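S.K.: turn this into a model:
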Amino acid sequence: MSATPERHHYPHVHPMPTRWQDNDVNGHIASATVYAFFDSAVQAYLIEHAGLDPQDGEVVGFVVSSGCDFFASAAFPECLEVGLRAVRVAGSSVEYQLALFKVGEAQPCAAGRMVQVFVERATGQPANLPTALQGALVALQG
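M.R.: Okay, the predicted model is just below:
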């Protein structure tokens, strides 16, 4: 990422409470947990806003690429928020930009990207995005 994003860059913000087990031995949120927070925020958005059914739906999304930069520490018991936006929706894929914020702060603790490809569950082939999913992703482009 070239510049540190700010909260106002994200059309959707998802609350993310922390748990004691999210801290690593150094007393801050583990980097693997940040990736889990990002994935959870994306899945929650798609379930709530696109009607995606990750267990039984005809279309399923797989993360095929991800990365993250870290700027500040966060730790339990802080309540955090994940900012979410889509920067590219093309064919069967979407590229998200995400950021982890402390509540009320403009600058993120971490900022990352994730590419998700949607496939037909039955065939494993790239899927045409259902209308509701396409609309939800376009709404994330701001």
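S.K.: report the buried residues of the lengthiest helix in the chain.
M.R.: In the chain, with assignment by DSSP state H, the single longest helix is helix 31-50. Residues 33-35, 37-39, 41-42, 44-46, 49-50 are the ones in helix 31-50 that count as buried (16 or more other Cβ atoms under 10 Å). In this view, the C-beta of every residue, glycine as well, is placed from N, C-alpha and C.
S.K.: which one among those gets closest to Ala99?
M.R.: Closest approach to Ala99 among those (Cβ to Cβ): Phe38, at 8.9 Å.
S.K.: from the chain's centre, how far out does the helix or strand hosting Ala99 sit?
M.R.: Applying DSSP states H and E as the criterion places Ala99 in strand 93-102. Offset of strand 93-102 from its chain centre (Cα atoms, centre = their mean, to the nearest Å): 5 Å.
S.K.: ok so, going back, save the buried residues of helix 31-50 as JSON lines, and put in pLDDT and distance to Pro77 too.
M.R.: Output for these, formatted as JSON lines (pLDDT from 0 to 100; distance: Cβ to Cβ, whole Å):
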{"residue": "Thr33", "pLDDT": "97", "distance to Pro77": "14"}
{"residue": "Val34", "pLDDT": "97", "distance to Pro77": "17"}
{"residue": "Tyr35", "pLDDT": "97", "distance to Pro77": "21"}
{"residue": "Phe37", "pLDDT": "98", "distance to Pro77": "15"}
{"residue": "Phe38", "pLDDT": "98", "distance to Pro77": "20"}
{"residue": "Asp39", "pLDDT": "96", "distance to Pro77": "22"}
{"residue": "Ala41", "pLDDT": "98", "distance to Pro77": "19"}
{"residue": "Val42", "pLDDT": "98", "distance to Pro77": "24"}
{"residue": "Ala44", "pLDDT": "97", "distance to Pro77": "21"}
{"residue": "Tyr45", "pLDDT": "98", "distance to Pro77": "24"}
{"residue": "Leu46", "pLDDT": "97", "distance to Pro77": "28"}
{"residue": "His49", "pLDDT": "97", "distance to Pro77": "29"}
{"residue": "Ala50", "pLDDT": "96", "distance to Pro77": "32"}
